[in-house]
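>>> pasting the structure only:
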């Protein structure tokens, strides 16, 4: 019975140590937004929050770093 209840709870950042938005999901968000090639991606803790930092080579040859909030999925 506990397993059924646990499975129905919403996912939140920090549940079992995992962010609500995974690194793979963050990469997909940034790739869709930028159209560029992913050079590097990593998950970090900043100000007690989980963020994903993704470095992209843009189509015009510039390198840009995007930061995705691991809780909300907001791309900066």
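Arrived safely. Computed from a predicted model, the values in this text were never measured in an experiment. Numbering: from 1, shown residues only.
>>> what residues of the longest helix along the chain count as buried?
Using DSSP state H to define each element, the chain has its longest helix at helix 23-34. Neighbour-count burial for helix 23-34, counted by 16 or more other C-beta atoms under 10 Å, picks out 23, 26, 27, 29, 30, 31, 34. C-beta coordinates here come from the backbone N, C-alpha and C atoms, glycine included.
>>> quick one: which of the residues you listed is nearest residue 70?
residue 26 (7.5 Å; C-beta to C-beta).
>>> in this protein, what helix or strand scores lowest on average pLDDT?
Lowest on mean pLDDT, DSSP states H and E among the helices and strands of the chain sits helix 2-7, with a mean of 38.
>>> can you pull out the strands in this structure?
For the chain, the strands defined by DSSP state E cover 37-46, 49-57, 63-69.
>>> buried deepest among these, which one?
Mean neighbour count (mean count of other C-beta atoms under 10 Å) peaks for strand 49-57 among those, with a mean of 19.
>>> could you point out where the chain is predicted with low confidence?
Under the criterion pLDDT under 70, the flagged ranges of the chain are 1-17.
>>> now do the contacts for the one residue sitting closest to the centre of the chain.
Note on the chain: the residue nearest the mean C-alpha position is residue 26, at 3.4 Å, using C-alpha atoms, centre = their mean. By C-beta atoms under 8 Å, 6 or more residues apart in numbering, the residues touching residue 26 are 41, 52, 54, 68, 70, 73, 75.
>>> tell me the two of the residues you listed that are most distant?
It's 41 and 73 that sit farthest apart of these, by C-beta to C-beta, at 14.6 Å.
>>> quick check: beta-bridge partners of residue 75?
residue 68 (DSSP bridges).
>>> that one: neighbouring residues, count only.
Number of residues near residue 75 (other C-beta atoms under 10 Å) recorded here: 16.
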